[in-house]
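K.L.:
Structural data only, the sequence is not supplied:
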Ligand code: NAD
Ligand code: ZN
């Protein structure tokens, strides 16, 4: 069966594109109860960007704190209940922030039209009704959350996305100026999420020409941004990384992520480690899966003086390691991509635990 994937409906890209947000929203304001909901990364509270957000009198704006923890089903449920109780059904949801805010906005747009907790819908095609109009404005580059079919949430029993066609944004505004303020470590870790998406996409059985076309271009952009003389955070690279993120996301949407993301999910679930950072902790030890790319990654870490922590496992208990191995093992689509359909014959939880002990 070939994928039949849903892409973003509309994309507006370029420096200053954020200025078009008000005009883009105008025709949508006639829908439902005639108000917009803005979900904004708390980082921007009191910053210059806050003044530029086109909030009308009837609108609602929430500044969500995503520092140090990944979005949860409880957080999305709370927002949905507050909005419906106070004002009714919004015309649209606008997310302004990094991957965490993108996921909250995507999930919220679905949950406005679906009953019960969002934890009921963590999985593939479990959402019953289409959501409402939603628009994403990423302020970090790398996750691919701006184009993916999933809204990743940590729930009471698992970290898993609400994945379906309706999750995908109706519109994104990609304005590279918004990423200029990302702190250097965060810039690197989120950027490496993109690099790792491309490497994982190409290293498995679901790879194909569609994924190659996007992935090769995204990798080329990553190498411009993270290696060589012109590497680093600058306006030109901000423009490149925003497109690399989108293309990396499209590459993996038509292929799959693999072992690194499986390990990373375990780390995020048990320790709440941020996605890009957790990927880097895992990727550093995955020569067996990704060969030369791991050395290239290490060179990039050194080139940007990133102090990637070593030997974290010295402080992990056996229970924590076993729990991470469980989480990682229960991602069959990733292992199928990385190891083939008979992965269960080759992969053991003991191996996963041993790998975690190296991190
Ligand atoms: P993030 O959204 O968690 O933000 C990281 C930090 O950067 C936060 O402290 C935030 O306040 C700050 N920040 C964001 N934009 C900023 C800016 N312009 N200037 C200064 N600070 C800024 O980080 P992320 O790496 O973008 O996203 C990680 C999240 O994305 C994880 O929760 C992960 O699960 C999710 N994710 C989702 C998908 C998907 O397909 N849906 C894919 C990959 C990752
Ligand atoms: Zn990722």
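P.N.:
Alright, I've got the coordinates. Because the structure is predicted, anything quoted here is derived from the model rather than measured. Ligands and ions are numbered 1, 2, ... in the order given.
K.L.:
domains for the protein, by residue range?
P.N.:
What automatic domain parsing lists as the domains of the chain is 10-179, 184-356.
K.L.:
And those: which comes nearest residue 4?
P.N.:
In terms of CB to CB, the element of these nearest to residue 4 is domain 10-179, at 8.8 Å. The C-beta positions use only the backbone N, C-alpha and C, and glycine is treated the same way.
K.L.:
in which helix or strand would I find the residue sitting furthest away from the middle of the chain?
P.N.:
Distance from the centre of the chain peaks at residue 57, with 31.1 Å (CA atoms, centre = their mean). Residue 57 is part of no helix or strand, with elements assigned from DSSP states H and E.
K.L.:
what about stretch 165-184, average pLDDT?
P.N.:
What stretch 165-184 shows for mean pLDDT is 98.
K.L.:
still on that earlier bit, format the domains of the chain as TSV; extra columns: distance to residue 1.
P.N.:
Shown next, in TSV, are those (distance: least, CB to CB, whole Å):
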stretch	distance to residue 1
domain 10-179	13
domain 184-356	11
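K.L.:
that older thread, and the residue farthest from the centre of the chain, how far is that from residue 22?
P.N.:
Using CB to CB, to the nearest Å, residue 57 is found at 14 Å from residue 22.
K.L.:
Relative to ligand 1, which of the domains of the chain is closest?
P.N.:
Taking CB to the nearest ligand atom, domain 10-179 is the member of these nearest to ligand 1, at 2.3 Å.
K.L.:
Figure out how far that closest one is from the centre of its chain.
P.N.:
On the basis of CA atoms, centre = their mean, to the nearest Å, domain 10-179 sits 13 Å off its chain's mean C-alpha point.
K.L.:
what sits against residue 275?
P.N.:
Neighbour list for residue 275: 70, 99, 143, 152, 193, 264, 268 [criterion: CB atoms under 8 Å, 6 or more residues apart in numbering].
K.L.:
got it, and residue 258?
P.N.:
200, 203-204, 289, 334-335, 337-338.
K.L.:
Including pLDDT, could the residues you listed go into TSV?
P.N.:
Formatted as TSV, these follow (pLDDT from 0 to 100):
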residue	pLDDT
200	98
203	97
204	97
289	97
334	97
335	98
337	98
338	98
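K.L.:
nearest to residue 33, of those?
P.N.:
Taking the contacts of residue 258 together and measuring to residue 33 by CB to CB, the closest member is residue 334, at 40.2 Å.
K.L.:
Is that closest one within a helix or a strand, and which one?
P.N.:
Assessed by DSSP H and E, residue 334 sits inside helix 332-339.
K.L.:
With residue 11 instead?
P.N.:
strand 10-13.
K.L.:
In contact with residue 328, which residues?
P.N.:
262-263, 265-266, 352.
K.L.:
Same question for residue 252.
P.N.:
Counting by CB under 8 Å, 6+ apart, residue 252 touches 144, 148, 197-198, 200-201, 211, 215.
K.L.:
Also residue 108?
P.N.:
37, 39, 76, 79-80, 83, 93, 134.
K.L.:
quick check, nearest of the residues you listed to residue 17?
P.N.:
Once CB to CB is applied, the member of the contacts of residue 108 that ends up nearest residue 17 is residue 134, at 17.2 Å.
K.L.:
Perfect, I'm done here.
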